[in-house]
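Student: Turn this into a model:
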Amino acid sequence: MKIALPAYVRPQLEGRLPADVEPAWYAGGPEALAAVADAEAGWLDVLGPPGIGAVLDAGPKLKWVATAFAGVTGWPLDKFAARGLVLTNGAGINAIPVAEFTVMGVLAMAKNVRELIYHQDRKEWVARAPGVGELYESKALIIGYGHIGRLIAERLAAFGVEVVGVRRNPAGEPGVLGPDGWRPRLGEFDWVIIAAPGTAETEKLIGAAELAAMKPSAFLVNIARGTLVDQPALIEAVTAGSIAGAFLDVTDPEPAAADDPIWSTPNIVMTCHTSGRAQTRMPERAAALFLENLERYRAGQPLKNRVDLAVGY
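Tutor: The predicted model follows:
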């Protein structure tokens, strides 16, 4: 069985693959074209040219495609469906560091770390604390209650935060709302945290109406995708004081242009989509998931993290 594999996880996979697996290692998109030829499966983390669509076309025998990316926005999912290809993603691989990053963001906004650093840079000793918010007994709404959302909830609960989650299919789970239940309750929460996947359905999930419904003292935290927020409306809301501020690990577009006001709007902290990269264990975790799924694939068992091609995640 031939499998196309990215070279960056070779140290984690070499010596752990079944004896009858023929690995075809690739270090970039052009090399991936040759690696998928005659391959039955491929771990295809392809960035840049020639693009994932061209790589799929170069692998007519592919049956299963894996990726370490959690989001597959922009992937040709229609092509996967037409060919009957199974796609598995990396949802959960970065869940721990992203959850930790989110808690950092919540604390940073509550204590106004941006202003504290500003005073340090200017060598100004201040007598007052610039941020006086407490997490204890505050309330957080987590939109997207999957791998990452639940880990965020666990960590915030340790600070005494009351958490309500939002799922596409809540199935009667206590403390979890469905897609139609959260908007009427936006005014209850001190923290609105977005951890949902980026799809056509979730584009601009938070717009002017949702921002207007939030408490003036509330913060928006987005560690999902920039497309889930109407960014001009957010900047306007923060500037006008309609909400207290925002912690954004993601923007729309990415990277933000040098003249984009998202860089300089007071009470917005932007961290350049680094939450998932704030770790050293991603290759290790991704390799473990792939090896487990490879075992399942060869045994004819359901694969973990199979993407619903109709939904997009």
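
Student: where do the helices sit along the stretch 101-250 of the chain?
Tutor: If DSSP state H, counting those that start in this stretch is used as the criterion, the helices of the stretch 101-250 of the chain fall at 113-121, 147-157, 208-213, 231-240.

Student: Pick the most buried one from the ones you listed.
Tutor: With neighbours defined by mean count of other C-beta atoms under 10 Å, none of the helices of the stretch 101-250 of the chain is more surrounded on average than helix 147-157, at a mean of 21. Where you see a C-beta, it was placed from the backbone N, CA and C, and this is true even at glycine.

Student: Not counting it itself, show me its contacts.
Tutor: Helix 147-157 has contacts (C-beta atoms under 8 Å, 6 or more residues apart in numbering) with 91-92, 94-96, 98-100, 102-103, 106, 135, 140, 142-143, 145, 163, 165, 191, 193, 195, 223.

Student: Only the buried subset of the residues you listed, as a PyMOL command please.
Tutor: Once 16 or more other C-beta atoms under 10 Å is used to decide burial, the buried members of the contacts of helix 147-157 can be selected in PyMOL as follows:
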select buried, resi 91+92+94+95+96+98+99+100+102+103+106+135+140+142+143+145+163+165+191+193+195+223
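
Student: Which ones among the contacts of helix 147-157 lie within strands?
Tutor: 140, 142-143, 163, 165, 191, 193 (DSSP state E).

Student: Widest-spaced pair of those?
Tutor: Using C-beta to C-beta, the ones in strands among the contacts of helix 147-157 span at most 12.5 Å, a distance reached by 165 and 191.

Student: what are the phi and psi values for the residue of the chain positioned farthest from its centre?
Tutor: Relative to the mean C-alpha coordinate of the chain, counting by C-alpha atoms, centre = their mean, the farthest residue is residue 127 (38.2 Å). For residue 127, the backbone dihedrals (degrees, to the nearest 10) come out as phi -90, psi -20.

Student: Please shift the residue numbers so they start at 344 in all later answers.
Tutor: Sure thing, new numbering starts at 344, so read that last one as residue 470.

Student: Would you mind measuring from it to residue 500?
Tutor: Computed with C-beta to C-beta, to the nearest Å, the distance linking residue 470 and residue 500 is 33 Å.

Student: what touches both of residue 508 and residue 534?
Tutor: residue 484.

Student: Quick check: the gap between the closest residue to residue 562 other than its chain neighbours and residue 371.
Tutor: The spatially closest residue to residue 562, leaving aside those adjacent along the chain, is residue 452, at 4.8 Å (C-beta to C-beta, 6 or more residues apart in numbering). Per C-beta to C-beta, residue 452 is found 39 Å from residue 371.

Student: Comparing the two, which residue is more hemmed in?
Tutor: Here residue 452 and residue 371 are compared on neighbour count by other C-beta atoms under 10 Å; more neighbours surround residue 452, at 23 against 14.

Student: mind checking how far the more buried one is from residue 591?
Tutor: When residue 452 is compared with residue 591 (using C-beta to C-beta), they lie 11 Å apart.

Student: intersection of neighbour lists for those two?
Tutor: Here residue 452 and residue 591 have 564, 612 as joint contacts, going by C-beta under 8 Å, 6+ apart.

Student: Which parts of the chain are strands?
Tutor: 345-349, 365-369, 384-386, 407-409, 429-431, 482-486, 505-509, 519-520, 534-537, 562-565, 588-591, 611-613.

Student: What residues of the third one count as buried?
Tutor: For strand 384-386, the neighbour count (16+ other C-beta under 10 Å) marks 384-386 as buried.

Student: wouldn't residue 505 be in contact with residue 483 here?
Tutor: Yes - taking contacts as C-beta atoms under 8 Å, residue 505 lies within contact range of residue 483: 7.2 Å.
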